[in-house]
Each structure stands twice: as C-alpha cells, then as structure tokens.
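**Student:** Compute the structure for the input listed below.
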Amino acid sequence: MSEKNRQGKRTARERLAAEREKHDAAERRRRTLIVGASVVCVLGLAAVIGVVAANVGKDAGSDSAGPVVAPSGAQGKDALVIPAGQDGAKSTLTVWEDFRCPACKTFEDAYRSTIHELTDAGKLKVEYHLATIIDGNMGGTGSRNAANAAACAQDVGKFPAYHDVLYQNQPPETDDAFAKNSRLLELAGKVEGLDTPAFRTCVEKGTHNSWVAKSNEAFQKGGFTGTPTVLFNGKNIYQDRTMTPAKLKQMVEEADQG
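**Tutor:** Reported below is the predicted structural model:
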C-alpha cells in the first residue's frame, strides 16, 4: 500500500474517531441535562408538598381550636346554612361558595341584582354554604377568615351586605389578602352599622372558625366538583350553559305562580 493510501485511511479513521467523540460528548451533555431537569422537578414537587403539608397542618390546628359556634339564625343540618330571603318562598337557591374563588365572584357579579330582587320580593330563598377550597389549593387562610367574618356579620343581620362587599373587593386568587383581619375589618366599614366592637372581637378571635371548617367538610363530603355550586330547587343550574339571570328570574316567577 502506498504512503498516500495509508495517510488517507489514517485521516478517515481520525475523522470517524472525532465524530464518535463529538457524538459521545453530546450524548453525555444530553443525559446530564435530563438528570438535572429531573432533579429540579422532584425538588420542586417536594417543595410544593412541603408547603401544602405545612399549611394543612397549620389550618387544621387553628380550625379545631375551640367549639363549633354557628352564626345566629343558621339553619339546616348541623346549622351550616346561612339563609337569605323568606322561609315561605316557593323557590330555593342553594349556593356553595368560597370568598377567594374567582368563579364565585363572576357568578355573584352576574346574578347579584337578580337574586336581591327575587329575595326582596319574597319569591326566592337563598341558602349559602361556605367552603375553603382555595385555602387548600393555594395555601393560606383567606377563605376561612373571610367566611368567619361573614358569619360574624350574620350574627348582627348584616350577612347579605357584607357578603356582597367581600366579592366586590375580592383580591386576586393568589393574593391571600383576606387572611388579614385588618382588611376584613376595613371592608366592614363599607356596611353601615357592621363595624362594632362585638363584630371586631368575633373576627379577631375567629369565633366561627370551627363552624367554617365543619361547613367545608360538608362540602367535601357532598361530592361537589367545585365552587360555585348552585342548585335551584335541588337541580344544578350552574352547569347549564344556557342559564342567565333572566332565565333564573323566569323560573322563579313560574314556580311562584304555580
């Protein structure tokens, strides 16, 4: 074999070796990146689990402290219903809601005036059930603290007005502003006659916290898919995409006449 041919084969082998080394190096980098990404995902999941576990433990302890004190005028099984409207109304709207829930605010903003019109006319009774699923999903205590404050408002007959104020001033879902009693007391100032020493004490002591926890437990056991859950005479109407405030009003009017 000539020197020229030997040189050519050696050059080809060197090129192949270089390509293999380049490929192997790329493969090693790829594997390193995959392993690194996997570690980050696992650590991130562990952090989330740790935060959730810490919050759950914290909430459970504070919720279970003290007796279950139902707000004044509460009705239904275990006194977990806050009523609005007249007991003699022929139609009942059952609402499961969470004061941190954006979808609940959307529902309230759309239906608020219609519901008030129908309850004021004695044609509709609303049964409010309070849940704290956003606290469970996002962490924090804003759902619970707002629900407790709303129950405190119920004690003095101011639940409907304060209920509306909370939704009209709902913070973003990730902002746990309702966890601060100072914010809840500030909003109480928007309801005439609500910001009293008795109301403040009820809010600051979390008088109804255990009641709120029991209400949320009832929500979890009820098999509901989320908040708001809205039932008209027992039928879920929130899932009805054709439902509107006008249609709800028509349904109530027809039931009242029948």
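**Student:** Walking through the protein, point out its helices one by one.
**Tutor:** With helices called from DSSP state H, the chain shows them at 3-64, 102-120, 133-138, 142-155, 159-168, 181-188, 197-205, 209-221, 245-257.
**Student:** Can I get the fourth one in PDB, CA atoms only?
**Tutor:** In other words, helix 142-155. Below are the C-alpha coordinates for helix 142-155, written out as PDB (Å, rounded to 0.1, in the frame of the first residue of the first chain):
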ATOM      1  CA  GLY A 142     -58.100  33.900  53.500                       C
ATOM      2  CA  SER A 143     -61.100  31.700  52.600                       C
ATOM      3  CA  ARG A 144     -61.600  30.700  56.200                       C
ATOM      4  CA  ASN A 145     -61.000  34.100  57.700                       C
ATOM      5  CA  ALA A 146     -63.400  35.800  55.200                       C
ATOM      6  CA  ALA A 147     -66.000  33.100  55.900                       C
ATOM      7  CA  ASN A 148     -65.600  33.600  59.600                       C
ATOM      8  CA  ALA A 149     -66.100  37.300  59.200                       C
ATOM      9  CA  ALA A 150     -69.200  36.800  57.000                       C
ATOM     10  CA  ALA A 151     -70.600  34.500  59.800                       C
ATOM     11  CA  CYS A 152     -69.800  37.300  62.300                       C
ATOM     12  CA  ALA A 153     -71.800  39.700  60.100                       C
ATOM     13  CA  GLN A 154     -74.700  37.200  60.100                       C
ATOM     14  CA  ASP A 155     -74.700  37.400  63.900                       C
END
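**Student:** elements contacting that helix?
**Tutor:** Helices and strands in packing contact with helix 142-155 are listed as strand 82-84, strand 124-130, helix 133-138, helix 159-168, helix 181-188, helix 197-205, helix 209-221; criterion 3 or more CB pairs under 8 Å, 6 or more residues apart in numbering; DSSP states H and E. For the C-beta atoms, the positions are set from N, CA and C on the backbone; glycine is no exception.
**Student:** Averaged pLDDT, that helix. What do you get?
**Tutor:** Average pLDDT, helix 142-155: 98.
**Student:** Counting neighbours, what do you get for S91?
**Tutor:** S91: 19 surrounding residues under other CB atoms under 10 Å.
**Student:** right, and it touches A255 too?
**Tutor:** Yes: when contacts are counted by CB atoms under 8 Å, S91 is listed as touching A255 (4.6 Å).
**Student:** residues bridging contact with those two, i.e. touching both?
**Tutor:** With contacts taken as CB atoms under 8 Å, 6 or more residues apart in numbering, the residues that reach both S91 and A255 are 123, 233.
**Student:** what's the closest non-adjacent residue to A103?
**Tutor:** Leaving aside its chain neighbours, A103 sits nearest to P228 (6.1 Å; criterion: CB to CB, 6 or more residues apart in numbering).
**Student:** Out of the helices of the chain, which gets the lowest mean score?
**Tutor:** Summarising mean pLDDT across the helices of the chain, the least confident stretch is helix 3-64, with a mean of 42.
**Student:** mind checking how far stretch 215-235 is from the chain centre?
**Tutor:** 13 Å (CA atoms, centre = their mean, to the nearest Å).
**Student:** Contacts only, for S143.
**Tutor:** Residues near S143 by CB under 8 Å, 6+ apart: 98-101, 131-135, 178.
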